[in-house]
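In: when you get a sec, could you give me coordinates for this:
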Amino acid sequence: MLRLASVDYFCKYCSHSVIAFNIKLIVYIFRSDYLDAAQIICYLIPFFIFVPLTRGVSLVINLLEKNQIIILCGVSSLYNLIMDIILVRYFGVAGIAFATGSALLLLYLIYFIAINQYIKLKFPLTTLLKTIFNTIPMFLFLYIVKEFISNIFMLLLVIFVGASLYFFMAYLNKTFNQDERNIINMVIKRKVWIF
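Out: Modelled structure (predicted):
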């Protein structure tokens, strides 16, 4: 079940890597007033790895009807608030980004430790590493061509080619097993998911 979060990994990595590697995306789609946001997103990217994992574990918690675990996760919210107050004074918005990201990590750790009292979950490290490996050509492509983007059409072409590189790598280095591909194809009612 946690392996299905790989789709979410792809979405996060693609969207945030495009923004982080290509400031022009912000300029073309929004305005240059938002350029400071690119740096903040760079700070948050490492922590975004844990968002889909937290979502998957929270589904298991809901199935087990262990609401006390969800209440326990209020610790991460309290930590986030305290760290926001402390870090904003010294680091500004970057401190808030770090506090929020580390609170996501703390939330995942609380979920993972608490739920392991009831059932044993395995961290999907192999899937995570395969997904990251599959994104490397996309990252390299975005990094190399970012200086050549001069308009919105070129930007859209770069995004399309980057996503195509990811899907090609995902086809060669599959992150899903056959059962998971069957589940996804059953949900979309077509046998198109071959990754």
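In: which parts of the chain are helices?
Out: 6-21, 23-29, 36-48, 50-64, 67-72, 74-91, 93-115, 125-145, 152-172, 178-188 (DSSP state H).
In: as TSV, these with distance to Ile194, mean pLDDT and mean neighbour count would be great.
Out: Any C-beta I mention is one placed from the backbone N, CA and C, and that applies to glycine too. Converted to TSV, the helices of the chain look like this (distance: least, Cβ to Cβ, whole Å; pLDDT from 0 to 100; neighbours: other Cβ atoms under 10 Å):
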stretch	distance to Ile194	mean pLDDT	mean neighbour count
helix 6-21	13	55	18
helix 23-29	29	69	17
helix 36-48	26	75	15
helix 50-64	21	74	17
helix 67-72	36	78	13
helix 74-91	37	92	14
helix 93-115	30	87	18
helix 125-145	14	82	17
helix 152-172	6	85	16
helix 178-188	7	78	13
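In: residues contacting the closest residue to Met83 other than its chain neighbours?
Out: The shortest distance from Met83 to any non-neighbouring residue, by Cβ to Cβ, 6 or more residues apart in numbering, is to Ala99 (3.5 Å). Ala99 makes contact with Tyr79, Asn80, Met83, Asp84, Ile86, Leu87 under the criterion Cβ atoms under 8 Å, 6 or more residues apart in numbering.
In: redo that, cut-off 6 Å
Out: By Cβ atoms under 6 Å, 6 or more residues apart in numbering, Ala99 lies in contact with Asn80, Met83, Asp84, Leu87.
In: ok, now Val145?
Out: Residues in contact with Val145, defined by Cβ under 6 Å, 6+ apart, are Val158.
In: relative to Asn185, how far out is it?
Out: In this view, Val145 and Asn185 are 33 Å apart by Cβ to Cβ, to the nearest Å.
In: and for Glu147?
Out: Relative to Asn185, Glu147 is positioned 40 Å away (Cβ to Cβ).
In: now Ile96
Out: 41 Å.
In: ok, Phe91 next?
Out: 46 Å.
In: also Pro124?
Out: 20 Å.
In: isn't Leu107 right up against Val75?
Out: No: in this structure, Leu107 is not within contact of Val75 by Cβ atoms under 6 Å, at 8.5 Å.
In: ok, now which ones touch Asn134?
Out: Asn134 sits next to Tyr166, Met169, Ala170, Asn173 when contact means Cβ under 6 Å, 6+ apart.
In: what does the last one show for phi and psi?
Out: By that I understand Asn173. Phi and psi for Asn173, reported as degrees, to the nearest 10, are phi -120, psi 80.
In: quick thing: my sequence starts at 107, can you match it?
Out: Happy to do that; since the first residue is 107 now, the last one works out to Asn279.
In: can you give me the pLDDT of it?
Out: Per-residue confidence (pLDDT) for Asn279: 84.
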